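Asks: The sequence isn't on hand, but the structure is:
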């Protein structure tokens, strides 16, 4: 699976949009981009994933560049409860057997009141 | 429903004890995973079960013994652990090629 690079930490004001970037310049054509977050001492929570098109669900939006070498997770109206470590993970989603998620260091997002 | 349950939430054990961690899902997923997470580090894979068969073992010491008795249950048997094995143990499940959903974890302390 391709490696990802994320900023170590970011701050965001409550109520504003949080934009979390991720670089995955070595991504292959059959690799998806997944985003998870982990609130302190809890299990990671799935947020969203995508292959090439932009995706949106009730939690967030995922914007993937046309060359697929980077992506941005957008939390449209951040709240204090969105304070967490956010992980961007690239993973092949087909072929062979079940595959693990390889977590990088992630981005610590702190939402400020 | 995307719930994965894990018991117990917290476990304290001595180095000579034998204990088990349990994980359960009822989403019909056929892949289940154990991850280990040390403080301030990302989760690291330990084991993967696919269709109730062990498919990946990330060179985990034999004092950790996984078991998948059926498609809904995953156990992790612990024996003769060391203090450095203290960590958050996370279970996850997925369709074989699908999105993984995690449980809340078991916080293990080895004295």
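Replies: Structure's in. What do you need? The shown structure was predicted, so the numbers you read here are calculated from the model rather than taken from an experiment.

Asks: ok, now which ones touch the nearest residue to residue A:113 once chain neighbours are set aside?
Replies: Distance criterion Cβ to Cβ, 6 or more residues apart in numbering or on different chains; nearest residue to residue A:113, sequence neighbours excluded, is residue A:14 at 5.4 Å. (Glycine included, C-beta is placed from N, CA and C.) Applying Cβ atoms under 8 Å, 6 or more residues apart in numbering or on different chains to residue A:14 gives the contacts A:78, A:79, A:80, A:111, A:112, A:113.

Asks: Residue B:21 now?
Replies: Residue B:21 touches B:6, B:7, B:8, B:11, B:75, B:76, B:78, B:89, B:91, B:106, B:108, counting by Cβ under 8 Å, 6+ apart.

Asks: 10 Å - rerun?
Replies: The neighbours of residue B:21, taking Cβ atoms under 10 Å, 6 or more residues apart in numbering or on different chains as the test, are B:6-8, B:11, B:34, B:64, B:66, B:74-78, B:89, B:91, B:105-106, B:108.

Asks: Tell me the bridge partners for it.
Replies: residue B:76 (DSSP bridges).

Asks: State the pLDDT value of it.
Replies: Predicted confidence (pLDDT) at residue B:21: the value is 98.

Asks: Can you say which helix or strand has residue B:2 in it?
Replies: Under the criterion of DSSP states H and E, residue B:2 resides outside all helices and strands.

Asks: The residue nearest the centre of chain A is in what secondary structure piece?
Replies: Centroid check for chain A by Cα atoms, centre = their mean gives residue A:35 as the closest residue, at 3.1 Å. Element membership of residue A:35, judged by DSSP H and E, is strand A:31-38.

Asks: what about that strand, average pLDDT?
Replies: 95.

Asks: swap in stretch B:97-106?
Replies: 93.

Asks: Same check on stretch A:78-93?
Replies: pLDDT averaged over stretch A:78-93 gives 94.

Asks: Any idea what residue A:48 is bridged to?
Replies: Beta-bridge partners, per DSSP bridges, of residue A:48: residue A:35.

Asks: Surely it is in contact with residue A:33?
Replies: Yes - counting by Cβ atoms under 10 Å, residue A:48 touches residue A:33, with 8.9 Å between them.

Asks: if I look at the two, which residues touch both of them?
Replies: Common contacts of residue A:48 and residue A:33 (Cβ under 10 Å, 6+ apart): A:55, A:62, A:73.

Asks: Which of these sits closest to chain B?
Replies: Within the set of these, residue A:55 lies nearest chain B; the separation is 12.3 Å, counting by Cβ to the nearest Cβ.

Asks: Run through the bridge partners of that closest one.
Replies: residue A:62.

Asks: Enumerate the strands of the chain by residue range, in sequence order.
Replies: Just going to use chain A. A:9-13, A:18-23, A:31-38, A:45-50, A:55-56, A:61-64, A:70-75, A:84-92, A:107-112 (DSSP state E).

Asks: wait, chain B
Replies: B:4-7, B:10-13, B:18-25, B:31-37, B:44-50, B:53-57, B:64-70, B:73-79, B:87-94, B:101-102, B:106-110.
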